[in-house]
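Q: kindly generate the corresponding structure for this input.
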Amino acid sequence: MVWFLLAAAVVAEVSATLSLKGSETRPVLYVVVIIGYLLAFVGLASVLRRGMALGVAYGIWGASGVALTALLASSLFGEPLTIVMGLGIGLVIVGVLLVETGSHPAEREP
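A: The predicted structure follows:
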């Protein structure tokens, strides 16, 4: 359930961010922006209440949001997606994975 909530929060945040860009030509999308960001933060708060570490939850939320927003902005709005940007997205993802794996302390034998 925690992972589902986190995924929903990411989708809401990405939808809101893309709608923010789209609202330049369609002001009605501001409704999606407000609802999307509200749902994103409520979802993230729910994940934290259920015990996921802040660094892990926020890292996954942020990295997923950056990666999905860049990919979708490229296809929806024709924004550039360069190799350097792809490498940056990859580094962010690797960094989040390191934070996530590092958040589990190694068990010591007695």
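Q: which stretch of helix or strand covers the closest residue to residue 67 other than its chain neighbours?
A: Excluding the flanking residues, the one nearest residue 67 by CB to CB, 6 or more residues apart in numbering is residue 89, at 4.8 Å. Backbone N, C-alpha and C define where each C-beta goes, glycine included. Take DSSP states H and E as the rule and residue 89 turns out to sit in helix 83-102.
Q: in the chain, which spans are helices?
A: 2-22, 30-49, 54-77, 83-102 (DSSP state H).
Q: what is the longest one packed up against?
A: Where contact means 3 or more CB pairs under 8 Å, 6 or more residues apart in numbering; DSSP states H and E, helix 54-77 is packed against helix 2-22, helix 30-49, helix 83-102.
Q: which residue is nearest the middle of this structure?
A: Among the residues of the chain, residue 65 comes closest to the average C-alpha position under CA atoms, centre = their mean, at 2.7 Å.
Q: contacting residues around the nearest residue to that one once chain neighbours are set aside?
A: Using CB to CB, 6+ apart and skipping residues adjacent in sequence, the residue nearest residue 65 is residue 13, 4.9 Å away. By CB atoms under 8 Å, 6 or more residues apart in numbering, residue 13 lies in contact with 36-37, 40, 61, 65.
Q: which stretches of this protein have low pLDDT?
A: 105-110 (pLDDT under 70).
Q: apply 50 and report the result again.
A: Along the chain, no part satisfies pLDDT under 50.
Q: hang on, the earlier thing: which of the helices and strands packed on helix 54-77 sits most buried?
A: For these, average neighbour numbers computed from mean count of other CB atoms under 10 Å are highest in helix 2-22, which has a mean of 18.
Q: that helix: how far from the chain's middle?
A: 7 Å (CA atoms, centre = their mean, to the nearest Å).
Q: now swap in stretch 60-74 and tell me
A: 6 Å.
Q: return the distance of the helix holding residue 89 from the chain's centre.
A: Put simply, helix 83-102 sits 13 Å off its chain's centre (CA atoms, centre = their mean).
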